[in-house]
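**Q** just coords:
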């Protein structure tokens with residue numbers, strides 16, 4: 001176990017370096033995208049054209065890299081990691097690392113409503129598996145390192161070490177044992193130590209230093225949970241429906257991605273604050289920058305952007321966009337219940353909404369609560385979050401809403417079986433003529 005523990009720390013350090021570079025590259029891309037409308041404010045037609053063609057080219061290239069080199073790099077990558085851990089698919093080759101890195105920077109940097117955590121998780125898992133191969137470890141050790149590398153990627157993406165470890169046990173493995181827990185903690189320690197040298201120890205989100213939690217807030221949290229559960233049903237079905245619709249279009253994946261990129265590029269020129277992963281939008285929601293009447297419009301727009309972006313066929317995750325939607329949903333309910341002047345209540349409900357929506361869509365409530373607690377550096381809302389996550393999980397289960405990563409994994413397996421059957425059917429006449 002001791003050598004495996006050392007390997008877990010080593011893999012965590014390397015994952016932290018990789019994800020730190022990924023995050024810096026995304027920050028640069030976001031800064032460039034945000035600067036173009038400012039530079040071109042005197043020539044809006046030219047500026048809009050640059051944004052449209054730049055985003056279309058970036059998303060075209062991201063989709064091209066996925067299709068031609070590593071198809072498993074598409075989307076979040078978390079369903080693929082889960083399939084590998086359950087021995088349903090082989091581990092990804094090392095070439096996934098540059099494809100996921102470059103493709104993620106291109107797609108998210110172009111303004112697609114995708115998160116950095118999915119690529120970070122898949123890159124972390126792939127890198128850790130390569131370390132296991134380098135040191136010639138058996139599958140039992142390689143599995144533990146692969147899972148811990150995925151958790152280290154999540155930890156590095158959100159500067160949340162405990163959430164990374166919880167994610168390994170609750171979502172990826174869905175079981176607890178001391179071996180995997182220890183290795184996951186080691187990788188998270190290594191990754192966070194490096195990430196904090198790169199981006200600093202500051203929490204991801206700025207929130208009030210104190211929240212006054214009353215009994216009424218618990219009842220309101222249950223309401224937020226029910227709302228999150230109902231919205232998650234529409235969200236999951238929209239994601240799957242958009243993927244099916246994209247598959248039915250008679251175009252190559254690059255053309256579909258370029259069309260999505262062009263549309264989002266135009267939006268990014270006129271409304272730069274609503275595109276991208278959503279981290280800035282989440283912070284602005286917590287700060288109370290949006291009026292009550294504006295929140296439903298922003299929520300609907302981000303909902304649509306998230307669905308369309310995920311169907312574009314580029315690398316990119318779901319976590320950050322989910323948290324943005326959850327914050328907007330919770331803040332809206334807070335303002336409805338307490339009035340437009342109750343900003344502190346709105347912030348508290350936004351935080352609760354983030355945890356509830358995560359629990360409803362992903363169905364990993366412990367990971368969600370730990371993640372939000374670490375991102376905000378506040379534990380005072382754990383009880384309201386617990387109530388909201390309970391209601392969200394119960395509502396999603398009552399609606400028979402399958403967890404999004406389970407649904408995506410089953411969809412990928414179904415498409416793989418269909419492709420194999422079509423290949424066998426196409427080969428059958430050839431075999432008959434040969435006979």
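**A** Done, it's in. None of the values given here were measured: they were computed from a predicted structure.
**Q** hey, let's count contacts and neighbours off CA atoms from now on
**A** Will do.
**Q** show me the contacts for residue 39.
**A** For residue 39, the contact set (Cα atoms under 8 Å, 6 or more residues apart in numbering) comprises residue 47.
**Q** confidence score at it?
**A** Looking at residue 39, its pLDDT is 89.
**Q** now swap in residue 177 and tell me
**A** 84.
**Q** Give me the distance between it and residue 103.
**A** Distance of residue 177 to residue 103, given as Cα to Cα, to the nearest Å: 35 Å.
**Q** Over to residue 12?
**A** From residue 12 to residue 103 the distance is 22 Å (Cα to Cα).
**Q** quick one on the thing from earlier: show me which of residue 177 and residue 103 is the more surrounded one.
**A** residue 103 (27 against 9; other Cα atoms under 10 Å).
**Q** Leaving out chain neighbours, which residue sits closest to the more buried one?
**A** Among residues not flanking residue 103 along the chain, residue 62 sits closest, at 4.3 Å (Cα to Cα, 6 or more residues apart in numbering).
**Q** three-state assignment of the one you found?
**A** Secondary structure assignment for residue 62 (DSSP: H, G, I helix; E, B strand; the rest coil): helix.
**Q** Show the contacting residues for it.
**A** Applying Cα under 8 Å, 6+ apart, the residues near residue 62 are 102-104, 106-107, 254, 314-315.
**Q** Low-confidence regions, the stretch 151-300 of the chain specifically.
**A** Scanning the stretch 151-300 of the chain for pLDDT under 70 picks out 215-216.
**Q** Repeat the analysis, applying 90 as the threshold.
**A** Applying pLDDT under 90 to the stretch 151-300 of the chain flags residues 173-180, 199-204, 206-218, 249-252, 273, 287-293.
**Q** residue boundaries of the helices in it?
**A** 161-167, 178-199, 215-248, 253-270, 279-286, 294-310 (DSSP state H, counting those that start in this stretch).
**Q** and among those, the most buried is which?
**A** helix 161-167 (a mean of 27; mean count of other Cα atoms under 10 Å).
**Q** what's in contact with that one?
**A** Residues beyond helix 161-167 that count as contacts (Cα under 8 Å, 6+ apart) turn out to be 148, 150-155, 181, 184-185, 188-189, 192, 364, 366-368, 370-371, 374.
**Q** ok, now which ones touch residue 345?
**A** Going by Cα under 8 Å, 6+ apart, the list of residues near residue 345 reads 334-335, 338.
**Q** ok, now residue 75?
**A** 118, 310, 313-317.
**Q** Not counting sequence-adjacent ones, nearest residue to it?
**A** Nearest to residue 75 is residue 315, by Cα to Cα, 6+ apart, at 4.4 Å.
**Q** wait, doesn't that neighbour sit right on residue 78?
**A** No. Contact criterion Cα atoms under 8 Å: residue 315 and residue 78 do not qualify, at 11.0 Å.
**Q** ok, those two, which is more surrounded?
**A** Between residue 315 and residue 78, residue 315 has the larger neighbour count (other Cα under 10 Å), namely 34 against 27.
**Q** so what's the more buried one up against?
**A** 62-63, 66, 73-77, 100, 103-104, 107, 119.
**Q** Just the ones of those residues in helices?
**A** 62-63, 66, 100, 103-104, 107, 119 (DSSP state H).
**Q** ok, now how distant is the residue nearest to residue 103 from residue 181?
**A** 35 Å.
**Q** again with residue 291
**A** The value you get for residue 291 to residue 181, if Cα to Cα is used, is 44 Å.
**Q** hmm, back to that, return the member of the contacts of residue 75 nearest to residue 223.
**A** In terms of Cα to Cα, no member of the contacts of residue 75 lies closer to residue 223 than residue 317, at 27.4 Å.
**Q** The closest one against residue 117, yeah?
**A** Yes. Counting by Cα under 8 Å, residue 317 does reach residue 117; the two are 5.8 Å apart.
**Q** Are there residues contacting both of these two? Which ones?
**A** With Cα under 8 Å, 6+ apart, residue 317 and residue 117 have common neighbours residue 76.
**Q** Distance check, residue 79 against residue 305.
**A** Counting by Cα to Cα, the gap from residue 79 to residue 305 is 21 Å.
**Q** ah, wrong one, I meant residue 128
**A** For residue 128, the distance to residue 305 equals 32 Å [Cα to Cα].
**Q** Equivalent analysis for residue 98, please.
**A** In this view, residue 98 and residue 305 are 26 Å apart by Cα to Cα.
**Q** again, but for residue 238
**A** 11 Å.
**Q** Near the nearest residue to residue 188 once chain neighbours are set aside, how many residues? Count them for me, please.
**A** Excluding the flanking residues, the one nearest residue 188 by Cα to Cα, 6+ apart is residue 152, at 4.6 Å. By the measure other Cα under 10 Å, the count of residues near residue 152 is 44.
**Q** Return the distance of the longest helix anywhere in the chain from the chain's centre.
**A** Secondary structure of the chain per DSSP H: the longest helix is helix 2-39. The chain centroid and the centroid of helix 2-39 are separated by 15 Å, computed with Cα atoms, centre = their mean, to the nearest Å.
**Q** Flag every buried residue along it.
**A** For helix 2-39, burial by neighbour count (16 or more other Cα atoms under 10 Å) applies to 4-5, 7-20, 22-23, 25-26, 29-30, 33-34, 36-37.
**Q** residue contacts, residue 366?
**A** So residue 366 contacts 166, 170 (Cα under 8 Å, 6+ apart).
**Q** Got phi/psi on it?
**A** Main-chain dihedrals, residue 366, degrees, to the nearest 10: phi -60, psi -40.
**Q** Could you list the domains of this structure?
**A** 2-199, 216-411 (automatic domain parsing).
**Q** Make a markdown table out of the ones you listed and add distance to residue 426.
**A** Converted to a markdown table, the domains of the chain look like this (distance: least, Cα to Cα, whole Å):
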| stretch | distance to residue 426 |
| --- | --- |
| domain 2-199 | 22 |
| domain 216-411 | 20 |
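**Q** what's the closest of those to residue 425?
**A** domain 216-411 (20.2 Å).
**Q** Distance from the chain centre to the closest one, please.
**A** Per Cα atoms, centre = their mean, the centroid offset for domain 216-411 relative to its chain is 11 Å.
**Q** so how far is residue 405 from residue 61?
**A** For residue 61, the distance to residue 405 - Cα to Cα - is 25 Å.
**Q** I meant residue 244, not that one.
**A** From residue 244 to residue 405 the distance is 16 Å (Cα to Cα).
**Q** and if you look at residue 15?
**A** Going from residue 15 to residue 405 by Cα to Cα gives 22 Å.
**Q** Understood, closing this out.
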